[in-house]
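**Student:** Quick one, fold the following:
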Amino acid sequence: MGTITINDHLTETLLGKTRRAILSVLYGHADEQFYLRQLVRVTGSGTGAVQRELKALAEAGIIIRTKQGKQVYYQANDRSAVYPELKSLIMKTAGMGDAL
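**Tutor:** Sure, this is the predicted structure:
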């Protein structure tokens with residue numbers, strides 16, 4: 001068993017495991033796009049859980065969903081009103097290293 005830090009407890013309280021992992025990837029690499037299977041693989045979460053979180057985050061405007069042909073891509077929405085604060089919170093707590 002690993003040691004639980006204050007940052008781990010904070011992000012667990014604010015964000016669920018899957019949402020935290022998705023946001024860590026997307027906000028840690030805000031200039032890149034990811035497709036569903038990539039996010040499932042790097043987060044270690046189930047496809048259904050990742051799909052539900054992506055849908056909720058896209059509906060809230062926190063991430064962007066883009067369809068190109070048959071492929072659907074997801075990316076952090078840098079035009080969201082909460083982008084700077086959310087990116088700062090994710091990097092201070094979950095960090096991009098947790099998911100990658």
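
**Student:** Strands of the chain, start to end?
**Tutor:** Using DSSP state E, the strands of the chain run over residues 34-35, 63-68, 71-76.

**Student:** For beta bridges, what are the partners of Arg65?
**Tutor:** Tyr74 (DSSP bridges).

**Student:** now the residue sitting nearest the centre point of the chain, nearest residue through space, not along the chain?
**Tutor:** Geometric centre of the chain, nearest residue: Leu23, 1.8 Å, by C-alpha atoms, centre = their mean. Nearest residue to Leu23 in three dimensions, chain neighbours excluded: Ile90, at 5.1 Å (C-beta to C-beta, 6 or more residues apart in numbering). Where you see a C-beta, it was placed from the backbone N, CA and C, and this is true even at glycine.

**Student:** Show the contacting residues for the one you found.
**Tutor:** Under the criterion of C-beta atoms under 8 Å, 6 or more residues apart in numbering, the neighbours of Ile90 are Arg20, Leu23, Ser24, Tyr27, Gly28, Met96.

**Student:** same thing with Val50?
**Tutor:** Thr18, Ile22, Leu36, Leu39, Val40, Thr43.
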